[in-house]
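1. show me how the following folds:
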Amino acid sequence: MPNIETGLKDMMAIDGAIGAAVVDYGSGMPLGSLSATSQLDLTVASAGNTEVVRAKMRTMSDLGLQDAIDDILITLSTQYHIIRPLTGRKGQGLFLYLALDRDRSNLALARHRLKGVEENLDV
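-> Down below sits the predicted model:
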């Protein structure tokens, strides 16, 4: 099974990828990250998106929803940011974070490929 480094490389191979990270949402720290640009600070992005994941988890709990989050999409004018909490024993407390250039990416395909990265990831 691929480790975090391989998973990050697979994420960066997705069309339009500009940054990828595997993040521990307990601490907000990335376990690993890769970026195609110096303009995206993945440490800051990981910490900030940890708050997004925590807020959504808390809201789901407050609503009594017994469902799992597939992904959280943040749409910016020039980018997509996809946050995919890992499920099951192997990824509890982690999420995949992928930033895409909107002009060079296919959102549906990126979401599909990110799911495949999750299924093959060994953490």
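
2. do a quick rundown of the strands in this protein.
-> 17-24, 29-35, 72-75, 79-85, 94-101 (DSSP state E).

3. give me the distance between the residue of the chain most remote from its centre and Leu86.
-> Relative to the centre of the chain, the most outlying C-alpha is that of Gly64, 24.2 Å out, by C-alpha atoms, centre = their mean. Separation of Gly64 from Leu86 (C-beta to C-beta, to the nearest Å) stands at 23 Å. Yep, even glycine has a C-beta here, placed from its N, CA and C like the rest.

4. related to what we said a few turns ago, now do the residue farthest from the centre of the chain, the pLDDT please.
-> Here the pLDDT value assigned to Gly64 is 96.

5. what does it show for phi and psi?
-> Phi and psi for Gly64, reported as degrees, to the nearest 10, are phi 70, psi 20.

6. change the start of the numbering to 47 and stick with it
-> Understood, numbering begins at 47; the last thing we discussed is Gly110.

7. any idea how far Leu111 is from the spatially most central residue of the chain?
-> Nearest residue to the geometric centre of the chain (C-alpha atoms, centre = their mean): Tyr143, 2.0 Å. Tyr143 is 22 Å from Leu111, where distance means C-beta to C-beta.

8. pLDDT below threshold where in this structure?
-> 47-48, 134-137 (pLDDT under 70).

9. same thing but 50
-> The model of the chain has pLDDT under 50 over residues 47.

10. helices along that one, start to end?
-> Remark: helices assigned in the chain by DSSP state H are 50-58, 88-109, 153-166.

11. out of those, the one nearest Gly139 is which?
-> helix 88-109 (9.8 Å; C-beta to C-beta).

12. packing partners of that closest one?
-> With contacts taken as 3 or more C-beta pairs under 8 Å, 6 or more residues apart in numbering; DSSP states H and E, helix 88-109 sits against strand 63-70, strand 75-81, strand 118-121, strand 125-131, strand 140-147.
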